[in-house]
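Asks: What follows is a protein structure lacking sequence information:
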């Protein structure tokens, strides 16, 4: 209550008493003043506003008469404890005089809010069958181990590791864990000056877009592909070129030759899940080397390969540094942690570090140190092993259910991952299916958002299984099949 700022305008026709009342009522109805909170004393408020105490008292009394406040003997006035007394009351009209607002539309240089984006229900936890991608199952997360790492990070000897402002630097322990534990699994060797910690993969892509793309840049993207990458690049690059995807990943045709750089997800294509073969990878590297071009490799879900032998990252095959590697801990740890990393030539990392300083300096030090300890103590390795067992079971259940209820709609994954890409008949409208399925408690993701053309195919949808219990998968797919028969 003490932090509520009153603004009394003596040039208005409205009385001082009505202005005090309007300010308080608006604060109550907006939730700024919770039920039961005390108001300033009439003497104190009158002194602050330089009005008579009687003016404040009359405002309080009128609000008490209307149920907004309650008077307590020898204690003063308090916000009424029963919200029902005022929850339906109209909000008083603004006491400020009407003035012409800025014409914001004429001031924006970009309008990212108008871009097409993936949309998911914020309350997806409330649905019994959440086939939603990119979310974690709380039941699988080792909360005790994470709590232990958090406790250790608060040890006095490490306090400065996350309380200091490190300006442009990252937590050296986390950088070493990325170098020694994560990158070797992808066949990548990197020095400390080739690694930058980011606030997730999207932050890394945003840095790269602002560093390397301009009005004359043509950047190739997979189609279908990652909508956030498409949107990020479109804010900087002069031309974003959609490139087709087949069963072997990115199709290398004449459209690729228009591009100065390309964004790919070769190990596990987003969203179809296909893997780029070694010959096509080498051809893509040759394309980059011939024309001084760059490849941005997003190695998302690399830790979710539980069905086949790991394929080396594209970055592992690169001898002349044409590949910029984007990694993330969101899928193995938690999406809310927002930790990722870039691996690239020292020249690129140095500029990305300088740009990051202007944006956010560095990711939160406490998150970096806790994640570093989680990796160093082997908890991450153990978590990956557990996720592999659970995801293998869920993937098998989902694949079996799709074979029974949607025969021929979903190819069998050779990688694993945490989702299935489903293709229905051309007449299927996945957006309509999504809305109808939500009414039955089933959450799916229509696939049209992954295509660059807003009028692209509508018969695809994605089913994630990272956040749905194994024993709910069969029934969820069965209900979805019933809905398909109704729409």
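Replies: Looks like it arrived, so ask away. Computed from a predicted structure; not experimentally measured.

Asks: For residue 327, give me its contacts.
Replies: Contacts for residue 327 (Cβ atoms under 8 Å, 6 or more residues apart in numbering) come out as 178, 182-183, 201, 299, 302, 340-343. Yep, even glycine has a C-beta here, placed from its N, CA and C like the rest.

Asks: same thing but at 6 Å, please
Replies: By Cβ atoms under 6 Å, 6 or more residues apart in numbering, the residues touching residue 327 are 299, 341.

Asks: when you give positions from now on, start the count at 10
Replies: Sounds good: first residue 10 from here, last item residue 336.

Asks: Find me the pLDDT at it, would you?
Replies: You'll see residue 336 listed with a pLDDT of 94.

Asks: Checking it next. Helix, strand or coil?
Replies: Classification of residue 336 by DSSP: H, G, I helix; E, B strand; the rest coil places it in strand.

Asks: Which strand residues bridge it?
Replies: Beta-bridge pairing for residue 336 (DSSP bridges): residue 350.

Asks: what's the spacing between it and residue 279?
Replies: As for residue 336, its distance to residue 279 is 14 Å (criterion: Cβ to Cβ, to the nearest Å).

Asks: Which residues belonging to stretch 349-363 are considered buried?
Replies: 349-354, 357-358, 360-362 (16 or more other Cβ atoms under 10 Å).

Asks: now, which of these lie within strands?
Replies: Using DSSP state E, the subset of these located in strands is 349-352.

Asks: Show me where the stretch 10-159 of the chain dips below the pLDDT cut-off.
Replies: Applying pLDDT under 70 to the stretch 10-159 of the chain flags residues 10-15, 92-108.

Asks: Just the helices from it, written as ranges.
Replies: For the stretch 10-159 of the chain, helices defined by DSSP state H, counting those that start in this stretch occupy the ranges 25-38, 51-58, 62-74, 152-162.

Asks: I'd like the ones in strands among the buried residues of stretch 349-363 written out as TSV, with distance to residue 377 and pLDDT added.
Replies: Formatted as TSV, those follow (distance: Cβ to Cβ, whole Å; pLDDT from 0 to 100):
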residue	distance to residue 377	pLDDT
349	12	94
350	10	96
351	15	97
352	16	97
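
Asks: For residue 378, state which of those is nearest.
Replies: Closest approach to residue 378 among these (Cβ to Cβ): residue 350, at 15.0 Å.

Asks: wait, isn't that closest one in contact with residue 206?
Replies: Yes: between residue 350 and residue 206 there is a contact at 5.3 Å, judged by Cβ atoms under 6 Å.

Asks: Centre of the chain to the lengthiest strand in the chain, how far?
Replies: Determined from DSSP E, the single longest strand within the chain is strand 248-255. Relative to its parent chain, strand 248-255 has a centroid offset of 24 Å by Cα atoms, centre = their mean, to the nearest Å.

Asks: That one pairs with which strands, and in what direction?
Replies: Short version: by DSSP bridges, strand 248-255 pairs with strand 227-232 (parallel), strand 258-259 (antiparallel).

Asks: circling back: could you identify the most distant pair in the ones in strands among the buried residues of stretch 349-363?
Replies: Spanning the widest gap among those are 349 and 352, at 10.6 Å by Cβ to Cβ.

Asks: Got the domain ranges for the protein?
Replies: 25-94, 130-147+391-495, 151-386 (automatic domain parsing).

Asks: To residue 119, which of those domains lies closest?
Replies: Once those are compared by Cβ to Cβ, domain 151-386 is nearest, at 5.5 Å.
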